[in-house]
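Participant: Build me a structure from this.
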Amino acid sequence: MAIKNALRWLLVLAWLYLVVYLSRQSGVESAEISSWIARTVKKALDFCGISVSYGGLHLLLRKVAHFAIHFVLAWLTYLALNGTFSGQKCNIVICFIFCSIIAIFDESIQSMAPGRVAQFCDGILNLFGVQSGILFGVLTTRKH
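Facilitator: Just a heads-up that it's a prediction; the model follows:
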């Protein structure tokens, strides 16, 4: 059981590292990654006969990334807390506070990277990802 909990916390730390790594990228580096993903998804959609605007798809994927990154962080953190401590309500509160601070800090880091800016909308998406990740964690770990 101790090894399982240690692995959970290791996943949280690894994901947290990824969040900070992605936030510290310059605007050029970030755009290269998201552009590559958008081109790849657009090619797949085109192949399936689904026509979408590249610009709209690129923007959508960038916004979904904010939500998804913080969703996973909150979900992993909730699982680690839930595996370590027994008080579910307390775990939810601690997870929400910790991950919300990270979500806001994420936008602050971006504002310091060359060619990047902090955006209120992205911060809201980050926080919505946190709330959704915790809810997912609660629903998937409920004992029947």
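
Participant: In this structure Val12 contacts Ala80, no?
Facilitator: Yes - taking C-beta atoms under 8 Å as the definition, Val12 is a contact partner of Ala80 at 5.0 Å. (Each C-beta comes from the backbone N, C-alpha and C, glycine too.)

Participant: my read: Gln119 touches Glu107, true?
Facilitator: Yes - between Gln119 and Glu107 there is a contact under C-beta under 8 Å: 7.0 Å.

Participant: okay, the two: which has more neighbours?
Facilitator: Between Gln119 and Glu107, Glu107 has the larger neighbour count (other C-beta atoms under 10 Å), namely 20 against 14.

Participant: Work out the gap between stretch 14-29 and the centre of the chain.
Facilitator: Taking C-alpha atoms, centre = their mean, to the nearest Å, one finds stretch 14-29 lying 11 Å from the centre of the chain it belongs to.

Participant: Kindly apply the preceding question to stretch 1-20 instead.
Facilitator: Counting by C-alpha atoms, centre = their mean, stretch 1-20 comes out at 14 Å from the chain centroid.

Participant: who's in contact with the residue nearest the centre of the chain?
Facilitator: Residue closest to the average C-alpha location in the chain (C-alpha atoms, centre = their mean): Ile69, at 1.2 Å. For Ile69, the contacting residues are 18-19, 22, 106, 126, 129, by C-beta atoms under 8 Å, 6 or more residues apart in numbering.

Participant: likewise Asp122?
Facilitator: 63, 66, 107, 110.

Participant: Helix or strand: which one has it?
Facilitator: Per DSSP states H and E, Asp122 falls inside helix 120-141.
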